[in-house]
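> Based on what follows, work out the 3D shape:
(chains A and B)
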Amino acid sequence: MQNENQLIKLRKERLQKIIDKGVAPFPTRSKRTHKIGTLIENKDEFVENSEKVIVCGRLNGMRRQGKIGFGNVLDDTGRIQLFIKRDLVGEENYDIFKLLNLGDFVQLEGECFITEKGEYSIKAHKITLLGKNLRPIPVVKEKIVDGKKVKYDEFTDIELRYRKRYLDLLLNPEIKRNFEIRAKVISIMRRILDGKGFLEVETPILQPLYGGANARPFITHHNTLDIPLYLRIATELYLKRLVVGGFERVYEIGKNFRNEGMDRTHNPEFTAFEVYQAYADYNDMMELAEELLSTIGNEILGTNILDFKGHQININRPWRRASMIELIQEQTGFDASDFNLEKIQNFYKEKEMEFDKVAGPGKLIEGLFEAFVEEKLIQPTFVTQFPREISPLAKAIPENNNLTERFEIFIAGDEYGNAFTELNDPIDQRERLEAQASLRELGDLEANIVDEDFIQALEYGMPPTGGMGIGIDRLTMLFTNNSSIKEVILFPQMKPE
RNA sequence: GCACUCGUAGCUCAGUUGGCAGAGCAACUGACUCUUAAUCAGUGGGUCCAGGGUUCGAAUCCCUGCGAGUGUACCA
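Residues are numbered from 1 along each chain as shown, chains lettered A, B, ... in the order given. Okay, here's the model as predicted:
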């Protein structure tokens, strides 16, 4: 830090020298006639015309040699070499050039030409400072060796990359692609849903009660009302209220907040997509999921065969559909379909797995799924028919009250989405939430809370409805082949230094 | 939460058996009218993550803490 202050001190001395020359270091106006990318795309034309151009950008290379100098100017479309000659710009302007630092923003007036060594450049008529850099930017240099780009002193410290994302984007421009794909994923989803007549809505982030998922919330306080408020853990219960209100097709894309552990697939705030469709069920949701992902793949990558975590993932529809019980049997040979608690517990013992003595058969079946099946599900799979016991918001399947019309989407061993035929029977719903409430009293901090207003809404009547949630962050990881959620969140949560 | 690994200059890294804290780039000064990791000469720059311990002597060995990564647990 001592040293950094010295480096900054030197830059501030430079700044003073520039001010002493009567030059504004942070001028208010700039005037750009061309983006660098345009000059590069139409190189021949610009060289031939000697048209006067003005580009603006950051100085990211400097090679001064006496009375001439070279440098590189970078904007968001590309990089071009600047050539400056004292005899051309005059001594006064050349002195300003000599006082510039890497990282300064400049406006460069001149004409395009090819240097004697063949480099496409702008010959400066005038260079103007647009913004002084005061803190040295790490310098990444590139060289072409055998036609391949070799980088020197790359900015790679993962912690620094996340803490100072602006430097990451500046010095590792290929990272921008993750966020461009992220934006495209969302815009394609919006376009598809809007095209089907879904209404995009915004429901409260600050909620007096939280629900719609099993998770611990962030708690805040409203001063005027003097009540606690919770940051939402899901949008589900509000979106269903809208279906009660007569919006038959709604969706929301927004942040959820869960006060839980962080790892490569979990950030405390994350972006979820939730969709509800009246007079539909979970089968319709499966088709929607297939359509969304395969369209995104085709449009963004031009293919539905994705390289991901060392696998070739085929997201072309249709995807495999298999029930949780069936998948457990496939992997272990164990048949849990009778929900016989003692039998399931014995199987846990046989496999030398620990289990919660008070857990019901549904919870234990889920445990078997997690232990034996999840990681095996590489190609996109709808895991269907979850136990009713662990699905308090899903409707039971007509033939078997132990199971619900619910599925989760698994790809490469990770979960991507969760959907059900929504429970719209208010009496059943109340019982299920009350059962959750008693779990909570037994110490399950993630169990659902009874939301009386939500149940009342159902009492007014909700049509049969299919609903689905998909994690946008994980989807972006899939389409950018990243295994850490921090690579697809611009400013991931970090502990303060 | 637990386990393992990592933390040295602005950046990327080296530092042997415990023996004066190092390199390249960046920065500063100077030279240089076609460079492109420009070059050449010179200069400055360190809380070796923090604290404690062992030792004549610690960046190095030990302990504790902090931060990060990976795995694992939990979290649909």
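> For whatever residue of the stretch 251-400 of chain A ends up closest to RNA strand B, give me phi and psi.
Residue nearest to RNA strand B within the stretch 251-400 of chain A: residue A:261 (3.7 Å; CB to the nearest atom of the strand). In this view, the C-beta of every residue, glycine as well, is placed from N, C-alpha and C. Backbone torsions of residue A:261, given as degrees, to the nearest 10, read phi -60, psi 160.
> tell me the pLDDT at it?
We note a pLDDT of 82 for residue A:261 in this prediction.
> Please apply the same query to residue A:325.
95.
> Same question for residue A:331.
Reading off the model, residue A:331 has pLDDT 91.
> packing partners for the helix or strand containing it?
Using DSSP states H and E, the element containing residue A:331 is helix A:324-332. Here helix A:324-332 touches helix A:361-368, strand A:381-384, going by 3 or more CB pairs under 8 Å, 6 or more residues apart in numbering; DSSP states H and E.
> which residues are contacting the last one?
With CB atoms under 8 Å, 6 or more residues apart in numbering as the test, strand A:381-384 has contacts from A:282, A:286, A:289, A:319-324, A:327, A:369, A:373, A:377, A:405-411.
> Among these, name the buried ones.
For the contacts of strand A:381-384, a neighbour count by 16 or more other CB atoms under 10 Å gives the buried set as A:282, A:286, A:289, A:319, A:322-324, A:327, A:369, A:373, A:377, A:405-411.
> which of those residues come close to RNA strand B?
Restricting the buried ones among the contacts of strand A:381-384 to those within reach of RNA strand B (CB under 7 Å from any atom of the strand) leaves residue A:408.
> Just the ones of the buried ones among the contacts of strand A:381-384 in strands?
Using DSSP state E, the subset of the buried ones among the contacts of strand A:381-384 located in strands is A:322-323, A:406-411.
> closest to residue A:131 among these?
Minimum distance to residue A:131 across these is 44.4 Å, recorded for residue A:411 (CB to CB).
> For the stretch 351-497 of chain A, which segments are assigned as strands?
For the stretch 351-497 of chain A, the strands defined by DSSP state E, counting those that start in this stretch occupy A:381-384, A:396-397, A:400-404, A:406-411, A:414-421, A:465-471.
> So for the first one, mean pLDDT?
The predicted model assigns strand A:381-384 a mean pLDDT of 96.
> Model confidence at the residue of chain A found nearest RNA strand B, what's the number?
At 2.1 Å from RNA strand B, residue A:66 is the closest residue in chain A, using CB to the nearest atom of the strand. pLDDT recorded at residue A:66 is 92.
> Please list all residues in contact with it.
Contacts of residue A:66 (CB under 8 Å, 6+ apart): none.
> how about the residues of the stretch 51-200 of chain A that lie near RNA strand B?
So the stretch 51-200 of chain A meets RNA strand B at A:61-68, A:70, A:81, A:83, A:85-87, A:101-102, A:115-119, A:121, A:136, A:138-144, A:152-160, A:162 (CB under 7 Å from any atom of the strand).
> Can you flag which of the residues you listed belong to helices?
Residues of these located in helices (DSSP state H): A:86-87, A:158-160, A:162.
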